[in-house]
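Peer 1: structure for the following, please:
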Amino acid sequence: MLLNIPGHPELCKIVLLNPKGGSGKSTVAANLAAYFASRERRTALMDFDPQASSMRWVHNRPQDRPYIYSVAAFATNPRVTRSFQLRIPPEVRQLVVDTPAALTAQRLSQFTRGAHAILVPVLPSDMDIHAVSQLVADLLLVAKVSRRMGRLGVIANRVRENTLAYRRLMRFLESLNIPVVARLRDSQNYVHAAEQGLGIHELPISQTQKDLESWAPLIGWLEQRLVTELTPRDLMAPLSAVPEPKPAPAAVTRDPAPPVELPMPARLRDPRSGRS
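Peer 2: Coordinates of the predicted model:
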């Protein structure tokens, strides 16, 4: 099944992916939505994660800040169609998608198909490195995301430079042959911003200068992806995501009807014995 997200034809979709919980997907998604909104760009934030972290952030957002349209995609409503539930207002041009954890390889293409940018945040730990290694393999082999199209980027998240864990993470990321588009600091500014429903770009610049510097490469990479038109390869559904046609029903065979015994003509019967 492929997601149908109705919206304007020029809608640009940015997808945050990582099968392991706690990687910072929701934090990055919220800060991206806040960045676009603060630049007066109509923005929507779609949350597929049942933990609803992105939705809580939107609900905490002050009314005097630029509005961000939100969609609780993890919820179900039997009274409306799924397509209607996921609709995006026609004025929205930027869509940030926060995907659920434990996403199976077979479901990846639901989110990656038609995406202008696919971002994978990863933490500097052995478990996170292993999870992302498998995710990248699934993106390339199962979801058929192409390295050549340049839509896929990795974010080294909550890093502390000059640590052994950071150096190990960077060696691993360099081995993937996928661009590391940002190295985001392990900063309490993200916590303070989230509590207020704000993004890192909406806090006083005097306290976020170093964080904004770490975001600059990510914003630059994203802006290039968003103005690059989607190709047929970006829109193509992998064969594993296309439902197979149902086989034709087998022909119904019936047992032959039992022979019908007809009564013998009276002229052939022996009138003395009643038998022929």
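Peer 1: what ranges do the strands span in this structure?
Peer 2: Read by DSSP state E, the chain holds these strands, from start to end of the chain: 12-16, 43-47, 69-72, 94-98, 117-122, 152-159, 180-185.
Peer 1: as CSV, these with mean pLDDT, distance to Y35 and mean neighbour count would be great.
Peer 2: (Each C-beta comes from the backbone N, C-alpha and C, glycine too.) Compiled in CSV, the strands of the chain are given as follows (pLDDT from 0 to 100; distance: least, Cβ to Cβ, whole Å; neighbours: other Cβ atoms under 10 Å):
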stretch, mean pLDDT, distance to Y35, mean neighbour count
strand 12-16, 97, 11, 24
strand 43-47, 98, 9, 25
strand 69-72, 96, 15, 18
strand 94-98, 97, 9, 26
strand 117-122, 96, 13, 26
strand 152-159, 95, 14, 22
strand 180-185, 95, 12, 20
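Peer 1: next, name the residue at the spatial heart of the chain.
Peer 2: Within the chain, the residue whose C-alpha comes closest to the C-alpha centroid is F111; the distance, by Cα atoms, centre = their mean, is 3.3 Å.
Peer 1: ok, that residue - contacts?
Peer 2: Residues in contact with F111 (Cβ atoms under 8 Å, 6 or more residues apart in numbering) are 3, 15, 17, 48, 97, 99, 103.
Peer 1: farthest-apart pair in these, please.
Peer 2: For those, the maximum inter-member distance is 13.6 Å, found between L3 and L17 (Cβ to Cβ).
Peer 1: who's more crowded, those two?
Peer 2: Taking other Cβ atoms under 10 Å, L3 and L17 do not tie; L17 has more neighbours (28 against 18).
Peer 1: correct me, but that one touches D98?
Peer 2: No. With contact defined as Cβ atoms under 8 Å, L17 and D98 do not form a contacting pair (9.6 Å).
Peer 1: and for the two, which residues touch both?
Peer 2: By Cβ under 8 Å, 6+ apart, L17 and D98 have these common neighbours: K25.
Peer 1: return the distance of Q106 relative to A143.
Peer 2: Applying Cβ to Cβ, to the nearest Å, one obtains 9 Å for the distance of Q106 from A143.
Peer 1: more neighbours: which of those two?
Peer 2: Comparing Q106 with A143 by neighbour count (other Cβ under 10 Å), the higher total belongs to A143, at 25 against 14.
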